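Undergrad: Mind looking at a prediction? Sequence and model below.
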Amino acid sequence: MRQIKLKRLLGALAIAGSLAFAGGAATDAKAEGGTFVWGMSSEMSILDPHVACGWLTTNAIHSIFEGLVMLDLTDASATTAQLKPAIAKSWTVSDDGTIYTFAIRENVKFHDGTIVDADVVKWNYDRFMDSGAAHAFDQAQAYLGYYTRWIKSVEVVDSMTVRITLNETNYEWLQMGVVACGMPMIVSPTAVAEMGNEQFALTPVGTGPFKFVEREQNIKLVMDRNDDYWGNKAKIERLIFQPLPDQATRLNAIRAGEVSMIMEAPWEELENLKNEGFTVTTNENIPSIWLLFFNFKNPIMQDVRVRKAINMAIDRDAIADGILKGTGRPEMGMLSPGTYAYKPGYAPIKYDPEGAKALLAEAGYPDGLELDFDIYEYGYNEVWEKSIQRDLRKIGINAKLNKIEWITYMGKWLQGMPGELHMNEIGWGWTIPFWTQVMSRCDYHPPNGFNVGWYCNPEVDKLFDEAVKQKDKAKAAALYQQANDIIIGQDFAYAVKFTYKNPLVLSPSVKHFVNPPANWYDFSIIEME
Amino acid sequence: MPEYQRAVPPPGVAENRLTMLRFITGRLVLTIPVLFGVSVIVFLLAHLAPGDVTTILAGPFATEAVKEKLRISFGLDQALTIQYAKWLGHILQGDFGASIANRRDVVELVFPKFLNTAILALSSALLAYIIGFFAGIFAAARPHSFSDRIVMSVTLMLGNAPPYWLGLLIVLLFSLSWRLLPATGMTNIMGNGGVWDVFLHLILPMLATAAAPASIVARMVRASMLEVLSQNYIRVARAKGIRRSVILKRHALRNALPPIVTICGLQLGYLLGGVLFVEVIFAWPGIGNQLWQAIQARDIPTIQGATLVIALAFVGVNLAVDVINAYLDPKIRASERAGAS
């Protein structure tokens, strides 16, 4: 009797096992049907473009929504991402660079069927500007202040034409609309009116190549192809973003064929993944740099010799090759790659710990000194900050790393450094060099900007003012590079460490994915085999 | 009849029920101060941590006026005591508030995730009890034999294996090498789910979660059984020539149960709050995962809601264990009754 029971149990287990195997096979079959799953390193923010922030969130926003213009992300070999027409099919700029006239594209429909026209565009600008309109949204105004502070007026010329007049010439303004924090995308007024701001952020309605289907917090965001899209329709049927915060889990997921792409795979695993048949794609022109801010309110850091010594002491090659396994590149300039002003190979000094030590002694610190250094707890930055800590120890600087949880860190960082702190850090960038202005202008000290180390050099600001007025990008780039020569080459106001090549791992079934010179991607061009 | 026996008379069936009821009521009353304490700690922990959620909400370019307006809209500008009183009032009405980070109702966020954790924890617990129970009895039946040593060595190893490491190992074998079972999630993210799909996704995290508690239960069962088996009445039974299986089942097991039930309950409580590592490695959408992400986003209402639900579950499990123990062990009821009179 007992033996019969045991046999039955074993039989049941065998059936369960074989069914489980069949279930696994079915998973693979569905993936070939046109679903692309991205295993992300963290959950995204809400999906209202006017009040959302962050690179991951921008990937969803740029799939669901469009602005007047968008970035062309289909060219992996481009050194900078270029603007392309979107809701605006074309635009003209007045000779003095202050009046932008946009011709709105005909027959563009939101996912809810609402037609886009000039009034819809104006309604959107009224929502995120201090317009006094009933639907004006104060949080959106806060998010988009960096973009709208340049705007004098937005007018409807006719049903398909919008004119935006700027306060002063700024040839980078248009591209400011496609950076990743507070985005002037065109949202459906009908949907916002029906749902209200809160609900709209949960069930977004745009005009983009993908439409929102569902979102389960911390589990998945599902988008389907927009079959009524005005332009080239997406090749894949379904796009899913899945937050997988654990690195090992992401690796397991791609190896098990459960996701189509992962980011932030362990650097030392990249070679193995290539050998296993996965595609590892990188880009040399990702528009972001990782840097240290020095505190100009602190007497020690006010001495340029100390700042220069720290710059000389950091072994950038050790970080780029040793830690990042070649997925990073040493960088010293404040002009990020992926922008038209970038100068490859800019290096006013060399790695020279002995020279740094001598310079420190000359500055009055022959026995070294102690520095307080705020770092954030997010991603893998602690690995390279510890490497910098070791570098600094070699020249007698004892850098005390204050590791702060990300949200607390951001709150503190945005306020600017308090007097007693010596250094902090960030990794960031835009596709336009205006970002360097936001980080280093005298009038961008907190709370008006992100110059959190209180650096100020009026000479630099004059060059910046001239740069944005140049229609000719070569001239603007030359001015930016002059400014950079002062900020780094003369003042050593920051210690820029490296740029990241953003390695992405793709399953063999993914075709035509482009890792562009940006921190988000065009999912409409992907094909699944 | 001697005096001491009359003080605690042998209870009848009706009285037995009454005693149990009194016991349960007593325990329920005791949970009130516990829950109150938990609520205060949960509330304070989330509020006293540094950092301002309005930084995230209003964006990096926000003016102080916009931030202040947001603080007012979330009631963050009021005194802590008032915030606590309001929060508690809402909680008592089943209103856990809205998530600051993603504007959703906390109840909607927390309870489905708790259910997912409960599915994982309960099925793991069940598996752990079954394996632990039989392994323990098997080992105790032949103490110090070769099979006993094998069982005890394996449980020692599994019981001390970090769940995260064990999870990775299990995925490596079952998902990546043998391609038998899925590696992540609770359902196939490209499919439509269904019970069978959930079951397939459940197996590996269940194994990883059950390993440690199964080992602990096995060792407890063995120890408890061995203690009972060394009692004189068992010797007598053996001397009478009763079969070993009958001795184990009829005479030893019930007396060995109370400490086993206690350890089982403790394991369940531990599982409910502690499957976090397994949830992370298997991307199991449970309460631990949710809580972790809420902490990252400084989402106070969600942190409070999730922690409170975990605490409630813990209290509930402990209560259930106490009740089961009282039911199994008349001595506990008797002490309760004596205490009451």
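TA: Thanks, I have the structure now. Numbers count the residues shown, from 1 in each chain, chains lettered A, B, ... in the order given.
Undergrad: where along the stretch 201-341 of chain B do the helices fall?
TA: B:232-239, B:244-246, B:253-274, B:276-281, B:287-296, B:300-328, B:330-340 (DSSP state H, counting those that start in this stretch).
Undergrad: same thing with the stretch 401-529 of chain A?
TA: Applying DSSP H, counting those that start in this stretch to the stretch 401-529 of chain A gives helices spanning A:406-414, A:434-440, A:458-468, A:473-484.
Undergrad: mind putting these in a markdown table, mean pLDDT and distance to chain B included?
TA: Every residue, glycine included, has its C-beta placed from N, CA and C. Below are the helices of the stretch 401-529 of chain A laid out as a markdown table (pLDDT from 0 to 100; distance: least, C-beta to the nearest C-beta, whole Å):
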| stretch | mean pLDDT | distance to chain B |
| --- | --- | --- |
| helix A:406-414 | 81 | 4 |
| helix A:434-440 | 95 | 10 |
| helix A:458-468 | 98 | 18 |
| helix A:473-484 | 98 | 22 |
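Undergrad: Now for whichever residue of the stretch 151-300 of chain A sits closest to chain B, how many residues are close by?
TA: The nearest approach of the stretch 151-300 of chain A to chain B comes at A:Ala256, 3.9 Å away (C-beta to the nearest C-beta). Using other C-beta atoms under 10 Å in any protein chain shown, A:Ala256 has 20 other residues around it.
Undergrad: what's the closest of the helices of the stretch 401-529 of chain A to A:Thr169?
TA: helix A:458-468 (6.9 Å; C-beta to C-beta).
Undergrad: before we move on, the earlier item: what would the helices of the stretch 201-341 of chain B look like in JSON lines with mean pLDDT, mean neighbour count and distance to chain A?
TA: Below are the helices of the stretch 201-341 of chain B laid out as JSON lines (pLDDT from 0 to 100; neighbours: other C-beta atoms under 10 Å in any protein chain shown; distance: least, C-beta to the nearest C-beta, whole Å):
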{"stretch": "helix B:232-239", "mean pLDDT": "90", "mean neighbour count": "12", "distance to chain A": "23"}
{"stretch": "helix B:244-246", "mean pLDDT": "85", "mean neighbour count": "11", "distance to chain A": "12"}
{"stretch": "helix B:253-274", "mean pLDDT": "79", "mean neighbour count": "20", "distance to chain A": "16"}
{"stretch": "helix B:276-281", "mean pLDDT": "85", "mean neighbour count": "23", "distance to chain A": "5"}
{"stretch": "helix B:287-296", "mean pLDDT": "82", "mean neighbour count": "24", "distance to chain A": "5"}
{"stretch": "helix B:300-328", "mean pLDDT": "83", "mean neighbour count": "20", "distance to chain A": "9"}
{"stretch": "helix B:330-340", "mean pLDDT": "62", "mean neighbour count": "14", "distance to chain A": "34"}
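Undergrad: For B:Ala218, find the nearest of those.
TA: The nearest among the helices of the stretch 201-341 of chain B, by C-beta to C-beta, is helix B:253-274 at 10.3 Å.
Undergrad: and the angle from that closest one to helix B:287-296?
TA: With axes from the mean of the first three to the mean of the last three C-alpha atoms, to 10 degrees applied, the angle from helix B:253-274 to helix B:287-296 works out at 30 degrees.
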